[in-house]
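S.K.: Here's my sequence, what's the structure:
(one chain, ligands or ions: 1)
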Amino acid sequence: MLLGNFVLLDPYCDVPNILENNQAKKTIVEIGFGNGEFLAFLAKKYQDSVCFGIEVSKKCIQKASKRLVGYEQRVFLMLGDAKFLLRECFPDESIDHIYMNFPCPWPKTKHEKRRVTSGGFPKVLASVLKTGGVFEVVTDDENYALEIEDIFSNYSTFDCLCHNLNEPREISTKYERKWKEEGKVIHTLRFVKTKKDTLIRMTEEGNDVHAIVKLDNLTRESFDKIRGVKGARDASRWCFGDCYESENRILLLEVVVSDEDFHQQIYFRLVPRKEDWLIKVDPAVKAFATPAVKGALEHLRRFLEENGG
Ligand SMILES: C[S@@+](CC[C@H](N)C(=O)[O-])C[C@H]1O[C@@H](n2cnc3c(N)ncnc32)[C@H](O)[C@@H]1O
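M.R.: Prediction:
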């Protein structure tokens, strides 16, 4: 997907290819880069690096891409949840330094799952950081700083290098300026990965998911009954939307899928063949073949066998 001069990364293989093609000395990731000023600073400072910025906000991607013009060969922006994208796109032992400046602390207990650091975050970092690689987090929220220190210090793969207060920095970010103006204390924490670790990726079987249904005829109307139908399996959810029909009888069915905090809007493409219909994920939207995508595909196959044609 193109955004200004920037390429938003496609799922699968892109990161390993970029790392191989760049042969960079240092691989750097910034989580939640906001307006991109810190990412631009990193790219300028580490000329022999390849930098990845991960953001959930499209607006931030747009702002940052303007700021990063000229760095397209070695700065890459990724749209989506950092925990998911780090786990699914980056190989083990591939990153030297992960920065996270002023993550949203989500202080209320009922929102704790929304913290980037929740769930399996240390396990993901333990896998994708190189041994000797560093995770650096800066926050104005003392409770959040102590929570992160506790989580990482108690994780056997990491050692805490420091927890500094108001550490001088070469560049400040928008949120840093905001909190400093309010007189808040800034916490900087660094953790080093001390030994190898790995984890299973939910998309490691690849993205070739498809199903075949034996039906004579399917039309747009065959899907009226599935519009708005929801399904779930473990932490995966999906909901079917509208169906569109092209002149050559190819059907496109809209589906919204979620795996934990990662959401995708995809289309199933239904192609008529001699004796059956082939259903696959429409390649126009590059999708991760997550458990939710597989669950939705299986749900659709069963629905068509029972109701279709
Ligand atoms: C408080 S802002 C800090 C922005 C910038 N780092 C700064 O210091 O000015 C937090 C940023 O993290 C992003 N963010 C929140 N959750 C995220 C996630 N799960 N993955 C990636 N980015 C996330 C938000 O969109 C937002 O831009």
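
S.K.: which parts of the stretch 151-300 of the chain sit against the ligand?
M.R.: By the criterion of CB under 6 Å from any ligand atom, the positions of the stretch 151-300 of the chain lying close to the ligand are T173, K174, Y175, E176. Where C-beta positions appear, they are placed from N, C-alpha and C, glycine not excepted.

S.K.: For those residues, give me JSON lines that also has distance to H187 and secondary structure.
M.R.: Conversion of those to JSON lines gives the following (distance: CB to CB, whole Å; DSSP: H, G, I helix; E, B strand; the rest coil):
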{"residue": "T173", "distance to H187": "14", "secondary structure": "coil"}
{"residue": "K174", "distance to H187": "18", "secondary structure": "helix"}
{"residue": "Y175", "distance to H187": "13", "secondary structure": "helix"}
{"residue": "E176", "distance to H187": "11", "secondary structure": "helix"}
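
S.K.: Could you tell me which of those count as buried?
M.R.: Neighbour counting with 16 or more other CB atoms under 10 Å marks T173, Y175, E176 as buried within these.

S.K.: Can you tell me the closest non-neighbouring residue to the second one?
M.R.: Meaning Y175. Spatial nearest neighbour of Y175, chain neighbours left out: F102 (3.9 Å); criterion: CB to CB, 6 or more residues apart in numbering.

S.K.: Could I get the buried residue list for the strand or helix carrying I18?
M.R.: In the assignment (DSSP states H and E), I18 maps to helix 14-22. Within helix 14-22, the residues that qualify as buried are D14, V15, I18, L19, counting by 16+ other CB under 10 Å.

S.K.: and the ligand, which of the residues you listed contact it?
M.R.: Under the cut-off given by CB under 6 Å from any ligand atom, the ligand has nothing from the buried residues of helix 14-22 close to it.

S.K.: tell me which of the residues you listed is nearest to the ligand?
M.R.: Each of these was checked against the ligand using CB to the nearest ligand atom; the closest is V15, at 15.7 Å.

S.K.: For the closest one, give me its contacts.
M.R.: Applying CB atoms under 8 Å, 6 or more residues apart in numbering to V15 gives the contacts L9, F52, C89, F90, P91, S94.

S.K.: hang on, the earlier thing: name the pair among the residues of the stretch 151-300 of the chain next to the ligand with the greatest separation in space.
M.R.: Across these, the longest distance by CB to CB is 7.3 Å; it joins K174 and E176.

S.K.: got CSV for the buried ones among the residues of the stretch 151-300 of the chain next to the ligand, with distance to K58 too?
M.R.: Compiled in CSV, those are given as follows (distance: CB to CB, whole Å):
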residue, distance to K58
T173, 19
Y175, 19
E176, 23
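
S.K.: Show me the domain layout of the chain.
M.R.: The record, using automatic domain parsing to delimit domains, assigns the chain the ranges 2-193, 210-307.

S.K.: hmm, back to that, now restrict the contacts of V15 to buried residues only.
M.R.: Buried residues within the contacts of V15, defined by neighbour count using 16+ other CB under 10 Å: L9, F52, C89, F90, S94.

S.K.: and the fourth one, how far is that from K108?
M.R.: If you measure F90 against K108 using CB to CB, to the nearest Å, the figure is 31 Å.

S.K.: Same check on the second one?
M.R.: From F52 across to K108, the span is 30 Å (CB to CB).

S.K.: those helices in the stretch 201-309 of the chain, which residues are they?
M.R.: The residue ranges that make up the helices of the stretch 201-309 of the chain, judged by DSSP state H, counting those that start in this stretch, are 291-307.

S.K.: What's opposite L253 in the beta bridge?
M.R.: C243, F268 (DSSP bridges).

S.K.: E149 versus the residue nearest to Y175, what's the distance?
M.R.: Between F102 and E149 the distance is 16 Å, computed by CB to CB.

S.K.: out of these two, which sits in the busier spot?
M.R.: Counted by other CB atoms under 10 Å, F102 and E149 do not tie: F102 has more neighbours, with 21 against 16.
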